[in-house]
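Asker: need coordinates for the below:
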Amino acid sequence: MKILLVQPAKAPDTIGCEDIFLYEPLALEYLASALVSDHDVRIIDLRLEKNLKEIFNEFNPDIIGVTAYTVHVNIVKELCKVMKLWNPGIFIVVGGHHATVSYMDFIESSIDLIVMGEGVFVFKEVISRFEKNTGFEGLPGIAYPKDGEIIMTPPIPVTDLDSFPFPARSLTTDYRKSYFSEWRKPLATIRTSQGCPYRCNFCALWKLNGGRYLTRKPEKIVEELSGIKEKFIFFADDESLIDTVRMSRLANLIKVSGIRKKYFIYGRSDTIVRHPEVIEHWKEIGLERIFIGLEFFRDKDLEDVRKKSSTKDNEEAVKILQNLDISIFGSFIIRPDFTRDDFREFKKYCRSLRLHLPVFSVLTPLPGTDYFEEVKDKLITHNYDYFDLLHSLQETRLPLKEFYEEFYQLYKNSSSLLDRIYMLLKYSPQEIIKVIRMSNRIRNAYNSI
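Answerer: All right, here's what the predicted structure looks like:
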């Protein structure tokens with residue numbers, strides 16, 4: 001069978017995403033890894049590739065597999081319609097995060113089947129049954145229309161991440177030099193764990209694993225790392241540092257192996273505060289940058305979203321990383337009900353932390369989260385193009401134009417001029433232009449809601 005796996009691009013109205021980072025389509029590489037020995041498989045990354053029609057006609061696939069986050073819903077549905085017009089007999093499957101949390105959004109005549117949950121082995125079985133024309137009855141983790149009804153079978157939770165083959169990175173060879181995060185390029189992505197034991201109400205990732213935290217064996221991670229050519233490595237985990245014993249063992253094995261990479265990982269501030277020795281260990285083997293969800297400048301706001309960490313944790317973690325000369329990707333959240341005083345206090349707080357370039361998003365009720373269920377009836381738009389963490393989906397206390405002016409000024413003034421210059425010197429001129437363009441789009445986001 002000829003199978004074409006498609007990574008969609010963002011919609012034109014969506015802000016961010018590939019404007020500031022572009023990670024390899026790891027989910028598709030995992031899907032492909034289970035298929036390449038028996039089928040002719042290609043991956044097309046539409047964030048970089050502009051010749052879909054040409055490739056479609058030349059390859060003439062039997063099956064299309066498309067992955068989607070929430071911001072991709074509209075563009076994926078349109079893409080599937082177009083491909084069905086090109087070949088009405090083609091079989092189209094949609095999966096990914098949004099399909100898992102809200103599969104009904106993909107019930108369309110142009111989409112033949114939806115895969116929910118971890119799709120590697122499910123998709124392989126879908127292809128086998130399609131090839132044999134035996135139907136999909138009883139296959140877990142799928143949804144599809146049949147005889148005027150929607151058939152849906154719940155996914156079976158994953159329990160062993162080491163059961164998956166390594167991602168088929170050879171299928172993205174033509175794109176790999178273009179994957180990046182900020183100044184780190186070319187960048188490879190690896191998954192070392194999945195899930196999170198915490199229960200933040202704005203996040204759905206902990207729900208997908210039923211609150212469990214799954215990890216891969218350090219030996220398997222080192223084996224995979226040894227085959228990756230890129231210098232920069234991003235850990236595509238929901239939370240990398242939860243199991244500090246495992247992370248210490250992994251650092252030891254990487255050191256012994258002689259692998260020399262630069263790492264970018266996720267870490268909670270309270271974990272960093274409790275285990276600074278683990279961070280020091282990782283610094284020795286190449287840890288360059290940590291993504292920390294600092295979220296808010298007030299403990300009350302942290303409590304409201306069930307973060308289970310404090311501003312004191314955040315401040316201590318920042319000091320630990322600064323003393324170790326580890327770069328901080330400090331991520332904060334803006335509430336729609338913020339006043340001018342709130343923005344002013346937030347700016348003052350960020351400057352006190354001496355972060356080089358803090359990042360801000362708007363508190364967003366994403367499908368699949370507890371927060372979405374709390375406020376879904378109050379949203380001012382249900383257009384998924386705007387579920388990008390930068391458009392406010394709820395009424396703002398300030399007039400919308402003023403809210404975004406304050407938001408823009410927060411980005412502009414939450415760090416000192418010297419701190420911003422220090423960070424921007426790491427970027428190429430082209431990347432700086434992208435950052436400036438994105439900040440201007442944020443300033444004018446009120447025009448599109």
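Asker: backbone torsions only: list them for the residue most central in space within the chain.
Answerer: Nearest residue to the geometric centre of the chain (CA atoms, centre = their mean): Ala236, 7.6 Å. The phi and psi values for Ala236, taken as degrees, to the nearest 10, are phi -80, psi 60.
Asker: Ile151 too?
Answerer: Given degrees, to the nearest 10, the pair of backbone angles that Ile151 has is phi -90, psi 130.
Asker: which ones are touching it?
Answerer: For Ile151, the contacting residues are 136-137, 142-145, by CB atoms under 8 Å, 6 or more residues apart in numbering. The C-beta positions use only the backbone N, C-alpha and C, and glycine is treated the same way.
Asker: between the residues you listed, identify the one with the most neighbours.
Answerer: Ile142 (27 neighbours; other CB atoms under 10 Å).
Asker: surely that one and Leu113 touch.
Answerer: Yes: in terms of CB atoms under 8 Å, Ile142 counts as a neighbour of Leu113; the distance is 5.9 Å.
Asker: where does the stretch 51-200 of the chain have low pLDDT?
Answerer: Of all residues in the stretch 51-200 of the chain, none has pLDDT under 70.
Asker: what do you get if the cut-off is 90, keeping everything else the same?
Answerer: Within the stretch 51-200 of the chain, the stretches with pLDDT under 90 are 147-148, 156-159, 182-183.
Asker: hang on, the earlier thing: shared neighbours, Ile142 and Leu113?
Answerer: Common contacts of Ile142 and Leu113, defined by CB under 8 Å, 6+ apart, comprise 126, 136.
Asker: if we can go back for a sec, between the contacts of Ile151, which is nearest Ser257?
Answerer: Using CB to CB, Ile142 is the member of the contacts of Ile151 that lies nearest Ser257, at 39.5 Å.
Asker: before we move on, back to that, for the residue nearest to the centre of the chain, what are its contacts?
Answerer: 23, 26, 189-191.
Asker: now, those residues that are in strands?
Answerer: Judged by DSSP state E, the contacts of Ala236 include 189-190 as members of strands.
Asker: hang on, the earlier thing: export the contacts of Ile151 to JSON lines and tack on distance to Ser361 and secondary structure?
Answerer: Shown next, in JSON lines, are the contacts of Ile151 (distance: CB to CB, whole Å; DSSP: H, G, I helix; E, B strand; the rest coil):
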{"residue": "Phe136", "distance to Ser361": "38", "secondary structure": "coil"}
{"residue": "Glu137", "distance to Ser361": "42", "secondary structure": "coil"}
{"residue": "Ile142", "distance to Ser361": "32", "secondary structure": "strand"}
{"residue": "Ala143", "distance to Ser361": "30", "secondary structure": "strand"}
{"residue": "Tyr144", "distance to Ser361": "34", "secondary structure": "strand"}
{"residue": "Pro145", "distance to Ser361": "36", "secondary structure": "strand"}
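Asker: so Ser309 sits right up against Asp270, yeah?
Answerer: Yes: contact status for Ser309 versus Asp270: in contact at 4.4 Å, counting by CB under 8 Å.
Asker: which one's more surrounded, the two?
Answerer: Using other CB under 10 Å as the criterion, Ser309 and Asp270 rank with Ser309 on top: 22 against 18.
Asker: contacting residues for the more buried one?
Answerer: 268-270, 302.
Asker: before we move on, back to that, how about the contacts of Ala236 in TSV, adding distance to Pro218?
Answerer: Shown next, in TSV, are the contacts of Ala236 (distance: CB to CB, whole Å):
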residue	distance to Pro218
Tyr23	22
Leu26	19
Thr189	18
Ile190	12
Arg191	13
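Asker: any idea which of the contacts of Ala236 is closest to Met423?
Answerer: Using CB to CB, Tyr23 comes nearest to Met423 of the contacts of Ala236, at 20.3 Å.
Asker: backbone dihedrals for Gln194, please?
Answerer: According to degrees, to the nearest 10, Gln194 has phi -150, psi 140.
Asker: just checking, it touches Thr159?
Answerer: No: with contacts defined as CB under 8 Å, Gln194 does not count as touching Thr159, sitting 10.5 Å away.
Asker: give me the common contacts of those two.
Answerer: What both Gln194 and Thr159 touch, as defined by CB under 8 Å, 6+ apart, is the set Leu214.
Asker: looking at these two, which one has more neighbours?
Answerer: Remark: of Gln194 and Thr159, Gln194 carries more neighbours, 20 against 9, as counted by other CB under 10 Å.
Asker: which residues does the residue lying closest to that one once chain neighbours are set aside contact?
Answerer: Counting by CB to CB, 6 or more residues apart in numbering, Gln194 lies nearest to Leu214, which is 4.6 Å off, once chain neighbours are set aside. Counting by CB under 8 Å, 6+ apart, Leu214 touches 158-161, 193-195.
Asker: if we use 7 Å, what do you get?
Answerer: When contacts are counted by CB atoms under 7 Å, 6 or more residues apart in numbering, Leu214 is found next to 158, 161, 193-195.
Asker: pLDDT score for it?
Answerer: In this model, Leu214 is scored at 95, pLDDT.
Asker: so which of the contacts of Leu214 sit within strands?
Answerer: Among those, DSSP E puts 193-194 in strands.
Asker: can I get the buried part of the contacts of Leu214 as one PyMOL selection?
Answerer: Buried members of the contacts of Leu214, defined by 16 or more other CB atoms under 10 Å, are picked up in PyMOL with:
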select buried, resi 158+161+193+194+195
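Asker: so can I have a markdown table of the contacts of Leu214 showing distance to Glu182?
Answerer: Shown next, in a markdown table, are these (distance: CB to CB, whole Å):
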| residue | distance to Glu182 |
| --- | --- |
| Val158 | 31 |
| Leu161 | 27 |
| Ser193 | 23 |
| Gln194 | 24 |
| Gly195 | 26 |
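Asker: in the stretch 151-300 of the chain, which spans are strands?
Answerer: 180-181, 187-190, 193-194, 214-215, 232-235, 262-266, 287-295 (DSSP state E, counting those that start in this stretch).
Asker: strands paired with the last one, and their directions?
Answerer: This points to strand 287-295. According to DSSP bridges, strand 287-295 forms sheet pairs with strand 262-266 (parallel), strand 327-334 (parallel).
Asker: okay if I get these as JSON lines plus mean neighbour count, mean pLDDT and distance to Ala204?
Answerer: What follows is those, written out as JSON lines (neighbours: other CB atoms under 10 Å; pLDDT from 0 to 100; distance: least, CB to CB, whole Å):
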{"stretch": "strand 262-266", "mean neighbour count": "21", "mean pLDDT": "97", "distance to Ala204": "16"}
{"stretch": "strand 327-334", "mean neighbour count": "21", "mean pLDDT": "96", "distance to Ala204": "15"}
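Asker: export the ones you listed to TSV and tack on distance to Cys203?
Answerer: Formatted as TSV, these follow (distance: least, CB to CB, whole Å):
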stretch	distance to Cys203
strand 262-266	12
strand 327-334	11
